[in-house]
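In: take a look and give me a structure for this.
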Amino acid sequence: MKSVVIETRGRTATLLSEDGRIFNVRNKNYNVGQEITGGVKVKMSTRTTAALAAVACFVMLFVIGTAAYYTPTAYVSFDVNPSIEYRLNMFDIVLSARGGNDDGSEILERIDLRRLKNKQIDEAVAIMINEIAEAGYLEDEDAGIIISTSARNMKKAERMAERLKERANEVCKTRGRERLASAEAFGRERVKEARERGVTPGRLRLVEMLKSFSDDPDFDIDEWLDKSVKEILAEIKKHRENIREEVREELESSELKEKLVAMLRDFSDDPENFDVEGWMEKPLKEILAELKKHREEIRDAVKEKLDSEPLRQKLEEKLGRISDKIEDFDLEELLDKPVREILDELKELREAILPEKRNNRRSSRGN
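Out: Predicted structure coming up:
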């Protein structure tokens, strides 16, 4: 490629190439107007080099930053019954959202996805819950919001789950409903397993919980995964009520009552005339209340025993012997305190004196 020298300045010559480029090269005694054929080594000034380096760094940072912004690093799903899944970047900003079922897709159409993208997930949650409430999904008594989170860092996923649960409950409270949301963090394998089944991790977790409550050997997980969150929660609630009833019946059983009433009789001032049959007919709650009352009486009796004069005299004698060995020991002040505090003080003194006694013994053995 041909070039023409258009300027010379000391060790640098400026050339104009046939393709219109102007550049600097090392001056090899060139003259202005001289035609040069062949390759020449381009010489860049320090300022030019620095400028190009700055531009390169900017482009590199821009590319890396853009890639980081648009790389999904976390996953969040909501089940109400509408199921909605979000992909977030490292800044917890929504990159995408999709409906996990038909109801979820319908909610996203009503919200308009553009209102959610590039927003913090906390803000996206508030928008979504308000839209779900408007659609009437939170009015039912068995309504609930199940939040699932997953991230590369499990600790981050757990913190996000707790934060989003609080945010969801705040929004629900403005709608007249309280404590509807629950949240749990999941590992990536769990998210993958749920997606293979076509559901969110939260819904899968609910159905597995329901299975653990069920006595049905033919429990069909897939059948329950197709049901709404409201139906699953209602069934779980029913099982929990059954369990509570079974526990209540067990507590009210005659065997347990017999043991408690026998204990109550032992606490009684007149065990021989204690009405066992009458107490057996009373509810468990009343028996426990009476036992508590007796235990409080026993504690008071023990306290009185501790503060009795004979015990205080023994303590005074023991403290008197100790006080002779310790400087600045105020015996009278200590004896004015309750027995419990005196015993604590004795324990501290004993721990302080024992090491000194051991040292004295070792010294005497050495001599």
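In: use CA for all of it now, contacts and neighbours both
Out: OK.
In: gap between the two ends of stretch 242-261?
Out: The separation between the terminal residues of stretch 242-261, taken as Cα to Cα, to the nearest Å, is 27 Å.
In: immediately after the worst-scoring helix or strand of the chain on mean pLDDT, which helix or strand?
Out: Lowest by mean pLDDT, DSSP states H and E among the helices and strands of the chain is helix 46-69, with a mean of 53. Scanning forward in sequence from helix 46-69 by DSSP states H and E, the next helix or strand is strand 74-79.
In: what about that next one, average pLDDT?
Out: For strand 74-79, the mean per-residue pLDDT is 92.
In: what pairs with that strand, parallel or antiparallel?
Out: Strands flanking strand 74-79 in the sheet, each with its direction: strand 83-88 (antiparallel), strand 145-151 (antiparallel) (DSSP bridges).
In: can you give me the offset of that strand from its chain's centre?
Out: Taking Cα atoms, centre = their mean, to the nearest Å, the mean C-alpha location of strand 74-79 is offset from the chain mean by 15 Å.
In: and for it, what's in contact with it?
Out: Outside strand 74-79, the residues within contact range by Cα atoms under 8 Å, 6 or more residues apart in numbering are 83-90, 92, 145-152, 157, 200-203, 229.
In: list the contacts for Ile36?
Out: With contact set as Cα under 8 Å, 6+ apart, Ile36 has these partners: Lys2, Ser3, Val4, Val5.
In: Phe274 too?
Out: By Cα under 8 Å, 6+ apart, the contact list for Phe274 reads Arg265, Ser268.
In: tell me the confidence at it?
Out: Phe274 is assigned a predicted lDDT (pLDDT) of 85.
In: if I look at Ala289, how far off is Asn27?
Out: Relative to Asn27, Ala289 is positioned 106 Å away (criterion: Cα to Cα).
In: Glu141 in helix, strand or coil?
Out: Each residue gets one of three states, and Glu141 gets coil by DSSP: H, G, I helix; E, B strand; the rest coil.
In: gap between it and Lys230?
Out: Distance of Glu141 to Lys230, given as Cα to Cα: 9 Å.
In: could you check which of these two has the larger neighbour count?
Out: It is Lys230, of Glu141 and Lys230, that has more neighbours when counted by other Cα atoms under 10 Å, with 20 against 10.
In: got any ranges where the stretch 101-250 of the chain has weak pLDDT?
Out: Low-confidence segments of the stretch 101-250 of the chain, defined by pLDDT under 70, span residues 246-250.
In: Asp216 - how many residues pack around it?
Out: The tally of other residues near Asp216 (other Cα under 10 Å) stands at 9.
In: what's near enough to touch it?
Out: By Cα under 8 Å, 6+ apart, no residues touch Asp216.
In: and if you look at Ala181?
Out: Applying Cα under 8 Å, 6+ apart, one finds that Ala181 lies in contact with Gly144, Ile145, Ile146, Ile147, Lys165, Glu166, Ala168, Asn169.
In: likewise Ile147?
Out: Counting by Cα under 8 Å, 6+ apart, Ile147 touches Val76, Ser77, Phe78, Asp79, Ala161, Leu164, Lys165, Ala181, Ser182, Ala183, Glu184, Gly202.
In: from those residues, which is closest to Met209?
Out: Distance to Met209, by Cα to Cα, is smallest for Gly202 among the contacts of Ile147, at 10.6 Å.
In: isn't the closest one right up against Gly144?
Out: No: the pair Gly202 / Gly144 is not scored as a contact, 11.6 Å apart, by Cα atoms under 8 Å.
In: looking at these two, which is more packed in?
Out: Relative neighbour count places Gly202 above the other of Gly202 and Gly144, with 28 against 22, counting by other Cα under 10 Å.
In: skip the chain neighbours and tell me the closest residue to that one.
Out: Using Cα to Cα, 6 or more residues apart in numbering and skipping the chain neighbours, the partner closest in space to Gly202 is Ser148 (5.4 Å).
In: from Arg11, how far out is that neighbour?
Out: Applying Cα to Cα, one obtains 69 Å for the distance of Ser148 from Arg11.
In: these two: which is more packed in?
Out: Ser148 (28 against 11).
In: got the contact list for the more buried one?
Out: Counting by Cα under 8 Å, 6+ apart, Ser148 makes contact with Val76, Ser77, Phe78, Ala161, Ala183, Glu184, Ala185, Phe186, Thr200, Pro201, Gly202.
In: beta partners of the third one?
Out: Beta-bridge pairing for Phe78 (DSSP bridges): Ile84, Ile147.
In: buried ones from the contacts of Ile36, can you make that a PyMOL selection?
Out: A single PyMOL command suffices to select whichever of those are buried according to 16 or more other Cα atoms under 10 Å:
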select buried, resi 3+4+5
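In: turn the contacts of Ile36 into JSON lines, including distance to Ser17, secondary structure and pLDDT.
Out: Shown next, in JSON lines, are the contacts of Ile36 (distance: Cα to Cα, whole Å; DSSP: H, G, I helix; E, B strand; the rest coil; pLDDT from 0 to 100):
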{"residue": "Lys2", "distance to Ser17": "6", "secondary structure": "strand", "pLDDT": "74"}
{"residue": "Ser3", "distance to Ser17": "4", "secondary structure": "strand", "pLDDT": "78"}
{"residue": "Val4", "distance to Ser17": "6", "secondary structure": "strand", "pLDDT": "72"}
{"residue": "Val5", "distance to Ser17": "9", "secondary structure": "strand", "pLDDT": "77"}
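In: all good on my end, thank you.
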